[in-house]
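In: return atomic coordinates for the entry below.
(one chain, ligands or ions: 1)
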Amino acid sequence: MQIYILLLLLLIGSGSIAAYLYYLKEKGDELDAIAKGICPYCSKKSIELYDIRGGGCGPRIVSYRCTLCDYDNSFSIDGSCNF
Ligand SMILES: [Zn+2]
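Out: Have a look, this model is predicted:
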């Protein structure tokens, strides 16, 4: 019976990893579009940066929104320190 529990845990584990990777890919695609100033929702050049939290040498939370639709998203970006 234990082998089934193990298989079930493996299935759940790989499922959540796949979901996480998909989530990262989605975020990456959105960030690519936003870096060009394009809204990932309405595909217009209407993205504006409205908030940056953190800074210096650490992760930064950067918030973008679209001025045409209600797209609003935050991304954490690693602040790299080059000395
Ligand atoms: Zn938009």
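In: can you pull the residues of the chain lying near the ion?
Out: Selection of the chain residues close to the ion by Cβ under 5 Å from the ion yields 39, 41-42, 66, 68-69, 71. Where C-beta positions appear, they are placed from N, C-alpha and C, glycine not excepted.
In: report the distance from the helix or strand where Asp32 lies to the chain centre.
Out: Assessed by DSSP states H and E, Asp32 sits inside helix 2-35. Taking Cα atoms, centre = their mean, to the nearest Å, one finds the center of helix 2-35 at 13 Å from the center of the full chain.
In: so what does whichever helix or strand comes after that helix touch, helix or strand wise?
Out: Under the assignment DSSP H and E, the closest C-terminal helix or strand after helix 2-35 is strand 47-53. Packing partners of strand 47-53 (3 or more Cβ pairs under 8 Å, 6 or more residues apart in numbering; DSSP states H and E): strand 59-66.
In: coming back round to it: may I see the buried residues of the helix holding Asp32?
Out: The neighbour-count check on helix 2-35 (16 or more other Cβ atoms under 10 Å) flags 30-31, 34 as buried.
In: return the helix or strand in this protein with minimum mean pLDDT.
Out: Scoring the helices and strands of the chain by mean pLDDT, DSSP states H and E places strand 72-78 at the bottom, with a mean of 88.
In: what angle sits between it and strand 59-66?
Out: Angle of strand 72-78 versus strand 59-66, following axes from the mean of the first three to the mean of the last three Cα atoms, to 10 degrees, is 150 degrees.
In: give me the sheet partners of strand 72-78 and which way each runs.
Out: strand 59-66 (antiparallel) (DSSP bridges).
In: where does this protein dip in pLDDT?
Out: For the chain, the stretches with pLDDT under 70 are 79, 82-83.
In: taking the centroid of it, which residue is nearest it?
Out: Lys27 (3.2 Å; Cα atoms, centre = their mean).
In: dump the residue contacts of it.
Out: Counting by Cβ atoms under 8 Å, 6 or more residues apart in numbering, Lys27 makes contact with Phe75.
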